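In: I'll drop the sequence and a predicted model, then ask my questions.
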Amino acid sequence: MSYAVATNKRTKQPAAMRVDQTMFLSQLSELFRLAKERGDADAATVRITTKRVRVGQTVKNVRRVKAEKSGKAAKKCHGTETYACLYRAALGAKKFSTEVKLDELEAFQKDYSTLLRACMRNLQRKKSKAAKAAAAASQS
């Protein structure tokens, strides 16, 4: 029996896997460990994004809402929608995400920030072109 793997139509890469919050944090720490082992700055970039979404929102629903708004037929609902935060993480082709509801957000943020502080050591700011030029001028 073969299983079809969901892929992004535009990039032809595997779609992000949706996991629960504890699994997200454990997989995120694993991504940081893999990035540290790789060593190369470009190959070892862990990308994390946060986005506000409606609870239970899917891609199909987003397209429908955008189509309604473009036709200017959409009615505005004030205060009836509930929102959640969508956290995404990626390292190369390995991608996963989780949805955190409003009542769970504070506990998740606490665990998330603890993980980030533990895993992100020796961060260095990128030097701007002006700073590089000034450093080169002072050496010569």
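Out: That came through fine. Numbering: from 1, shown residues only.

In: Worst mean pLDDT across the helices and strands of the chain, which element?
Out: Ranked by mean pLDDT, DSSP states H and E, the helix or strand of the chain with the weakest confidence is helix 59-70, at a mean of 60.

In: Direction included, what does whichever helix or strand comes after it pair against?
Out: Once the chain leaves helix 59-70, the next helix or strand it forms, by DSSP states H and E, is strand 83-91. Counting by DSSP bridges, the strands paired with strand 83-91 are strand 47-54 (antiparallel), strand 94-101 (antiparallel).

In: same question for the first one, mean pLDDT?
Out: What it means is strand 47-54. In this model, strand 47-54 has an average pLDDT of 90.

In: quick one: buried residues of it?
Out: By 16 or more other CB atoms under 10 Å, strand 47-54 has no buried positions at all. Every C-beta, even on glycine, is put in place using the N, C-alpha and C of the backbone.

In: shift numbering so it begins at 77
Out: With the count now opening at 77, the last piece we talked about shows up as strand 123-130.

In: ok, residues contacting it?
Out: With CB atoms under 8 Å, 6 or more residues apart in numbering as the test, strand 123-130 has contacts from 104, 137, 157-167, 175.

In: Out of those, which end up buried?
Out: Neighbour-count burial (16+ other CB under 10 Å) is assigned, among the contacts of strand 123-130, to 104, 160-167, 175.

In: Tell me if I'm right that Y163 and V176 touch.
Out: Yes: with contact defined as CB atoms under 8 Å, Y163 counts as touching V176 (6.5 Å).

In: any idea which of the contacts of strand 123-130 is the one closest to K203?
Out: L167 (24.2 Å; CB to CB).

In: picking up where we left off before, now for the buried ones among the contacts of strand 123-130, which pair is the farthest apart?
Out: Counting by CB to CB, the most remote pair of the buried ones among the contacts of strand 123-130 is A160 and L167, 23.7 Å apart.
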